[in-house]
Every structure is written in structure tokens, then in C-alpha cells.
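A.B. asks: take a look and give me a structure for this.
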Amino acid sequence: MSAARNTVAKNIVATLKANNVQRVYGIPGDSLNGFTDALREEESIRWVHVRHEEAAALAAAAEAGLTDELAVCAGSCGPGNLHLINGLYDANKSRVPVLAIAAHIPSEEIGSQYFQETHPQELFRECSVYVEHIAHPSQMPRVLEIAMRTAVEKRGVAVVVIPGDVALAEAQSDRTAVIRAARPEIRPNSQELAEAADILNAAGKVTILAGAGTAGAHAEVMALADALGAPIVHAMRGKEHIEYDNPFDVGMTGLLGFSSGYRAMESCEALLMLGTDFPYQQFYPENAKIIQVDVRGEQLGRRARIDLGLVGTVKDTAAALLPLIGRKAKRTHLSASLKHYAKSRAKLDDLASPAKDGQPLHPQFVGRLVDELAAPDAVFTCDVGSPTVWAARYLSMNGRRRLLGSFNHGTMANALSHGIGAAAAYPGRQVVALAGDGGLTMLLGELITLVQNKLPVKVVVFNNSSLNFVELEMKAAGFVNYGTELENPDFAKLAESLGIRGIRVDNSSGLKAGLAEAFEYDGPALIDVRTARQELSIPPAISAEQVKGFTLYAIRTVLSGRGDQLIDLAKTNIRQIF
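C.D. replies: Numbers count the residues shown, from 1 in each chain. Got it, this is the predicted structure:
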């Protein structure tokens, strides 16, 4: 008799099916039993069993980011759904639509300090655009529909908190609504567009800073850059959308970027910000007029003083602005910026050279060979820290490749977990996770997730036995490296013990063959690459404070008896200096 009951949990699953949700990422638990049992009966939705709920949320974030559709994760009460929080922060800051089902303790025990009791509504509030507690079956499926619609319209995380007993209760409605995101045209009014055109037409040197908001607007941005004679600098999240087929590209700026991107912004008279929330104030020009275009009005002027803020999508705004722009005949700013970029690019390419056998590999060389050997439609994920630097500088986008990372939230351990979501969403498509040794080991159990779910992710480990980017930050601030060393296992042997193809690369001469073998392998593979610990990822503009910091680092390192580290640092990076 009980199997025939239409429970709230079954209605949740039916609603997910109606909305073409094909996967739910999570770990089962007794408070989730109603939901997972309903999933068991619905063959069209796959339960992707991970080893840590943080990975579930990160995987859902990756799927949502790639497909632009709602992705779903779930966690049991107390510690189970608390583990979701970091991954949900990542999803919410990346503005991708994710629904989290957060199970709660039995209704009658709420407020009694029951086993595993927390206050999920309060805990999830900051990392979501909507969170609600289901106290009675009569609230469903209405609250679920509101949550899903809020997630897709506000492009963020919606959390439904539901006690296990409510999920197992008789549903009071069997309605299943189909939620689809609206696709409105949003552009500034005519007066605002005219004001923007006046600023841009009057400026002799215009630079465009392009971010993630340029997705789907490649043609419009190229046409605008051509009319303005404007070099295009891109933020990290704009790379995959704007870098390819772009004769105006002068690279990135910021801590990960190129000197050419920095100079193109520093020397401009007008900066046109398109769909970007680039956070580093010190990289904005001090004397230029700034126009910012963003679909979210509250974003305007958060990072730099702006002369004009325009609310609209980049695609619609650029198309409406273009007829008002007089094509600039003088294009010296563009040509100078492109020449500077060519020199910067050549220097970066020179650094991507093999090391002598017996020496740790330069990570730039690893990044370049990954780019050369990966599939034309590969999905790349990269850990926060130095793997993001090498992805930014050496992975080339072509309009088909995708690049994911924790570029706004900046969490460790994202590359492998993002890879899980990417591979689950796109079976048969090559997924390459660029993992740091620190990031990989933080959620090491997710290697087993690849095996259990038959996900053929290729994990490239930058194994420098350290929290490398943290060490660089310490050096720049003048501190002696402390607490950053990692004692790592042989990751290739570890992978083999888990059922993953493991390949160890200790010499530059073996890298190409190792990567090729891993990329061609029919299943998950891990390439453990021994990279140089002391490699510096120098930012495009080095401040006086950073110079001072490096000087202090050198003095303190010698005085602490670790002068050998300075010698190693100099040997590793001498080609960057001369």
C-alpha cells in the first residue's frame, strides 16, 4: 500500500523530471531516504554518488555553468547539508542556477537540540538567492516551484530545506510545473546610449574590458571594438567567451594577466566595461572615463569610479550602441596595444620550455602541451592558485572549448569536483582537470567517484609538493615560507590502486607521451607531473610594495638559515629575468 502513495518526495522527483533534470549529486542519509527512494523509482534521473557533499555542490555548479540549465544536489540533515555550503557559495558567486535539497531533522524535534540539529535556513542564507523551510506538505510543490524559478531567473542557488518526515508525507498536490528562464532583451534607454556614444566618440584611446557577461555576444563585441579601434582586455571568466577569433585581443590584466592587458587599460582615455565585475581596484586606470555595462544595476560602480553606468545585457547594449559610434580613423592605441601583446605573448611562450632531464618541469611547459594535445572541444577545469595562472596564460579558447574554475569564490579542490559535473553532463566529451597537489588531496576521495560513476576525467596534477601560490603570496608580502610544504604520495601509483590509469612524469622528455597516453585512455586517468616548486608567476605590474616584500623575504630567508631556497629560486626563474 505504501508504495502506491504519492509522497512529497515523489512529487519533487516528478517535478525535476518534468524540468529535464537528469542528475542529482549527493550522498544518501536517513533524512534523505524519501527523496533517494523516489529517485530509485525514476530511471530517467541518475543519482551521482560522490564522497563528499562539497564535491556534489561543485559538480552541480559545473553542470549548471556548462549547460546553462538547472542542476541539482542534495545533502542529508546536519553535517550532510552543511558540507554543501562551500560548493554552493561557488555556484552562487559564479551566478549559475543550482537547486539544493537540504534534508532536515524530524519536524517534531526541531528546536530541541536534537541529534545533528542545525538551522539550515540561517546557514544557507548568505550563499543563496532563495532558501525556505518546508514545515508542512501543503507548502509543496509551490515552494519548490518558487525555488526553481528564483534559481533560473536570478541565476543563483536556491535551497529547499525539508524534514525527512515531510518528504515522506502524503502529497496534497500532484502538480508538476515546468520552469523555463525568460530571455528578455535588456538595453539602456536612448538618452543613456547617446551619452555613452558621446564619451566614446570623444576619446582618442578606448579600451574594452570584457567579462563573463560577454557570453553569447562575441559578434557584437567584435563589431564594437572594430568601430572604436579598441583593444580588448578580458577578465578570467571572459576568456572562454571573447579570446577566440579576436583580432583585438591583448590578453588579460590582473594578478593572472599579461603586461599588455595592464598597459592597454592604464593608457586609455575611456574604458568600456562589458559584463565584468573584475575585482582588483588597483588595475583600473586612474584618469580615464569609465562606462560600465551590466545586466545587474547593483553591480555598477562597485570596483571603480564610473562616469556612466548602463543596465543591459552586453549583446543588446552593444548592438544598440554600435550605430551611434563613429568609426575611429586613428588606431594608434590599438596597434600599439597589439604590438605590446605580441611581445608579451612571445615572452610567455618562451617560458613554456622543457627543463633538462632530472630537473622538475616548468609548469608553463605543462600548460602549453596540455593545450596542444587536448581535444578541440575539451572542457578544462582548473584549481585555484597556480593551475589557474597556467590555464589563463597557456590554454587557448576556440569557441568550442570551455574553461571552468572557482574564479569568484576562489576555493581549493574545485578542479576534480568540477570535472565530475562536466563529465556527467557531457558523456563522451574530453574533460581535463588541472589540479594542484593541495587541491587534489583536499578532496582526494573524489577520485573514487570517477571510478564508481565511470567518468573518464583526465586529471593533470601539478605536483610541486607545496601550496605554491600561497608561497608566492608570502614571498610578495615579505614572509618566509612556513606551513606550506606538502608530503605527497606517488599519485600515479595511488590512482592505479583505485582503478584509475596512473602515469608519472618526472622529466620534460616524457611529458608529451604521458599526456597523449592519458588523453587517449578509455576511462579516468591521472598524470602526476613533478613541477618546479620555486616557479614565479609574475603579475603584469609589480608594485613598490611587492618589490619591498620580495626584498624582505630574501633577507628573512637568509637570516632564518634557508639561503639555499634563494639559490633554487634564482636558478628556476633566471630565464624570466634575462
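A.B. asks: when you work out contacts or count neighbours from here on, use the C-alpha atoms and nothing else.
C.D. replies: Noted.
A.B. asks: sketch out the low-pLDDT regions of the stretch 301-450 of the chain for me.
C.D. replies: Regions of the stretch 301-450 of the chain meeting the criterion pLDDT under 70 are absent.
A.B. asks: could you pull out the strands for it?
C.D. replies: 308-311, 379-382, 402-405, 431-436 (DSSP state E, counting those that start in this stretch).
A.B. asks: deepest of those, which one?
C.D. replies: strand 431-436 (a mean of 31; mean count of other CA atoms under 10 Å).
A.B. asks: just checking, what packs against it?
C.D. replies: For strand 431-436, the packing partners by 3 or more CA pairs under 8 Å, 6 or more residues apart in numbering; DSSP states H and E come out as strand 379-382, helix 386-394, helix 414-425, strand 458-463.
A.B. asks: and for that strand, what's in contact with it?
C.D. replies: 374, 378-387, 413, 415-416, 419, 422-423, 456-463 (CA atoms under 8 Å, 6 or more residues apart in numbering).
A.B. asks: hang on, Asn453 packs against Arg46?
C.D. replies: No - under the criterion of CA atoms under 8 Å, Asn453 is not in contact with Arg46, lying 10.1 Å apart.
A.B. asks: sorry, back to before: out of the helices and strands packed on strand 431-436, which gets nearest to Ala196?
C.D. replies: Ala196 lies closest to helix 386-394 among the helices and strands packed on strand 431-436, at 30.8 Å (CA to CA).
A.B. asks: how far out from the middle of the chain is that closest one?
C.D. replies: Distance, stretch centre to chain centre, for helix 386-394: 12 Å (CA atoms, centre = their mean, to the nearest Å).
A.B. asks: can I get it in PDB? Just the C-alpha atoms.
C.D. replies: C-alpha atoms of helix 386-394 as PDB (Å, rounded to 0.1, in the frame of the first residue of the first chain):
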ATOM      1  CA  SER A 386      49.000  28.300  -9.800                       C
ATOM      2  CA  PRO A 387      46.900  26.000 -12.100                       C
ATOM      3  CA  THR A 388      44.600  28.900 -12.800                       C
ATOM      4  CA  VAL A 389      47.600  31.000 -13.700                       C
ATOM      5  CA  TRP A 390      48.800  28.500 -16.200                       C
ATOM      6  CA  ALA A 391      45.300  27.900 -17.600                       C
ATOM      7  CA  ALA A 392      44.900  31.700 -18.100                       C
ATOM      8  CA  ARG A 393      48.200  32.000 -19.900                       C
ATOM      9  CA  TYR A 394      48.500  28.800 -21.900                       C
END
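A.B. asks: quick one: the helices in the stretch 101-250 of the chain?
C.D. replies: Counting by DSSP state H, counting those that start in this stretch, the stretch 101-250 of the chain has helices at residues 120-124, 142-154, 164-167, 190-202, 218-228, 239-242.
A.B. asks: and the last one, what's its mean pLDDT?
C.D. replies: So the one you mean is helix 239-242. Here helix 239-242 scores 96 as its mean pLDDT.
A.B. asks: got it, and the first one?
C.D. replies: Averaged across helix 120-124, the pLDDT comes to 96.
A.B. asks: helices and strands around that helix, which ones?
C.D. replies: strand 130-133, strand 157-163.
A.B. asks: for it, list the C-alpha coordinates in PDB.
C.D. replies: Taking C-alpha atoms only, helix 120-124 is exported to PDB below (Å, rounded to 0.1, in the frame of the first residue of the first chain):
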ATOM      1  CA  PRO A 120      19.700  25.400   7.700                       C
ATOM      2  CA  GLN A 121      17.700  28.500   6.700                       C
ATOM      3  CA  GLU A 122      20.100  30.700   8.500                       C
ATOM      4  CA  LEU A 123      23.200  28.800   7.400                       C
ATOM      5  CA  PHE A 124      22.300  28.800   3.700                       C
END
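A.B. asks: so what touches that helix?
C.D. replies: By CA under 8 Å, 6+ apart, helix 120-124 touches Gly78, Leu82, Ile85, Ala102, His104, Val131, Glu132, His133, Val159, Val161.
A.B. asks: try it again with 10 Å
C.D. replies: 77-78, 81-82, 84-85, 88-89, 100, 102-104, 130-133, 157-162 (CA atoms under 10 Å, 6 or more residues apart in numbering).
A.B. asks: how about the helices in the stretch 301-450 of the chain?
C.D. replies: Going by DSSP H, counting those that start in this stretch, the stretch 301-450 of the chain shows helices at 314-321, 332-351, 363-373, 386-394, 414-425, 437-442, 446-452.
A.B. asks: find residues that contact each of Asn453 and Arg46.
C.D. replies: Joint contacts of Asn453 and Arg46 (CA under 10 Å, 6+ apart) are Ala424.
A.B. asks: for the strands of the stretch 301-450 of the chain, give me a markdown table that also has distance to Gly229.
C.D. replies: Formatted as a markdown table, the strands of the stretch 301-450 of the chain follow (distance: least, CA to CA, whole Å):
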| stretch | distance to Gly229 |
| --- | --- |
| strand 308-311 | 20 |
| strand 379-382 | 32 |
| strand 402-405 | 28 |
| strand 431-436 | 36 |
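A.B. asks: which one of the ones you listed lies closest to Pro360?
C.D. replies: Taking the strands of the stretch 301-450 of the chain one by one with CA to CA, strand 431-436 is closest: 15.0 Å.
A.B. asks: note down every partner strand of that closest one and its orientation.
C.D. replies: Strand pairing for strand 431-436, using DSSP bridges, gives strand 379-382 (parallel), strand 458-463 (parallel).
A.B. asks: what is the orientation angle of it with helix 386-394?
C.D. replies: Going by axes from the mean of the first three to the mean of the last three CA atoms, to 10 degrees, strand 431-436 is angled at 120 degrees with respect to helix 386-394.
A.B. asks: give me the below-cutoff pLDDT ranges for the protein.
C.D. replies: Scanning the chain residue by residue, the ranges that satisfy pLDDT under 70 are 1-4, 474-477, 534, 536-578.
A.B. asks: Thr531: which of the helices of the stretch 101-250 of the chain is closest?
C.D. replies: Taking those one by one with CA to CA, helix 239-242 is closest: 25.1 Å.
A.B. asks: the spatially most central residue of the chain and Glu53: what is the separation?
C.D. replies: Taking CA atoms, centre = their mean, the centroid of the chain lies closest to Gly405, which sits 2.4 Å from it. Per CA to CA, to the nearest Å, Gly405 is found 18 Å from Glu53.
A.B. asks: lovely, talk soon.
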